[in-house]
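In: got a sequence here, can you model it:
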Amino acid sequence: LPRPTQIFQTIVDNFDTLMGHTWVTAYEMVLGYLLAIGIAVPLAVAITSYRRFDKFITPILLFFQTVPKIAIAPVFLVWLGFGPASKILLAFLISFFPIVIDTAIGLRSVSPEMIDLARSMGATKLQIFMRFRMPTALPYFFGGLKVAATLAVVGAVVGEFVGSDEGLGYLLLIAGANLDSPLLFAAIVALTALGLILFYVIEVLEHYLIPWHVSRRA
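Out: Have a look, this model is predicted:
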């Protein structure tokens, strides 16, 4: 193992190279993550709103979740090439499932008595969703976002391992092939920093959007 001073010196000496590869991985990771949010949330709303759709789509989601992403990464490479599209798709697939499941659980967690009371007072479906279902689902939604934030990094790096000429995953492969352990650990530090930054961005959003929740008050 390289000494911490060696790793720090490698980061300083190769800062421009590390930053260039970090921006590539961050771009793939964030786009895949945002795509997962944009598709998972409406899908969770549809799953909790229509029972037939739930019975139809849930087995399909489980099937795609159980397929090892590392096994289908080469397929995406063949279809989409060596560009960022295949890495974005892998980041999306890996981070999608926790968001849709946690959001759906949150939307279903509203007390039936509360829904009945709202209906008895003349509340519309939209009002019930905005005033009751969505606030109840937000803590679960942010929990799914936090899990997915760390997984999105994994998805982007797996795609770069399979086939890429840029990004931190590519840099890890090059450093490993050259037995350059200080550079290897420097790339790992950059990857860790990416995951932590995305995680704490979600943490800050959660703090300001649901300050009333017991987890925030504590």
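
In: from here on, just use CA atoms for contacts and neighbour counts.
Out: Fine.

In: middle-most residue in this protein, spatially?
Out: Among the residues of the chain, the one closest to the centroid is Ala148, at 3.0 Å (Cα atoms, centre = their mean).

In: measure how buried Phe132 is and give me the count.
Out: Neighbourhood size, Phe132 [other Cα atoms under 10 Å]: 18.

In: contacting residues for it?
Out: Residues in contact with Phe132 (Cα atoms under 8 Å, 6 or more residues apart in numbering) are 110, 115.

In: what pLDDT, on average, does stretch 190-203 get?
Out: Averaged across stretch 190-203, pLDDT comes to 91.

In: so how far is it from its chain's centroid?
Out: Counting by Cα atoms, centre = their mean, to the nearest Å, stretch 190-203 is centred 11 Å from the centre of its parent chain.

In: with stretch 152-172 instead?
Out: 16 Å.

In: same question for stretch 25-40.
Out: For stretch 25-40, the separation from the chain centroid amounts to 7 Å (computed by Cα atoms, centre = their mean).

In: hang on, Gly144 packs against Asp102?
Out: Yes: in this structure, Gly144 is within contact of Asp102 by Cα atoms under 8 Å, at 5.4 Å.

In: point me to the helix or strand that includes the residue nearest to the centre of the chain.
Out: Using DSSP states H and E, Ala148 sits in helix 134-162.

In: quick one: list the elements packing against that helix.
Out: Applying 3 or more Cα pairs under 8 Å, 6 or more residues apart in numbering; DSSP states H and E, we find helix 134-162 packed against helix 15-49, helix 69-80, helix 84-107, helix 168-177, helix 181-209.

In: of these, which shows the lowest average pLDDT?
Out: helix 69-80 (a mean of 79).

In: list the buried residues of that helix.
Out: By 16 or more other Cα atoms under 10 Å, the buried positions in helix 69-80 come out as 69, 73-74, 76-77.

In: now swap in stretch 114-123 and tell me
Out: Within stretch 114-123, the residues scored as buried using 16+ other Cα under 10 Å are 115, 118.

In: hmm, who's touching it?
Out: Outside stretch 114-123, the residues that touch it by Cα under 8 Å, 6+ apart are 128, 132.

In: quick one: mean pLDDT for it?
Out: pLDDT averaged over stretch 114-123 gives 82.

In: what's the closest non-adjacent residue to Gly143?
Out: Asp102 (7.1 Å; Cα to Cα, 6 or more residues apart in numbering).

In: got it, and Gly167?
Out: In space, and not counting its chain neighbours, Gly167 is closest to His21: 4.1 Å by Cα to Cα, 6+ apart.

In: do the same with Arg108
Out: The nearest residue in space to Arg108 (Cα to Cα, 6+ apart) is Thr48, at 6.7 Å.

In: surely the one you found is in contact with Val110?
Out: No: using Cα under 8 Å, Thr48 makes no contact with Val110, being 11.4 Å away.

In: which positions in stretch 140-154 come out as buried?
Out: Here stretch 140-154 shows 140-154 as buried, counting by 16+ other Cα under 10 Å.

In: Leu194 and Phe76, how far apart?
Out: Noted for Leu194: a distance of 24 Å to Phe76, by Cα to Cα, to the nearest Å.
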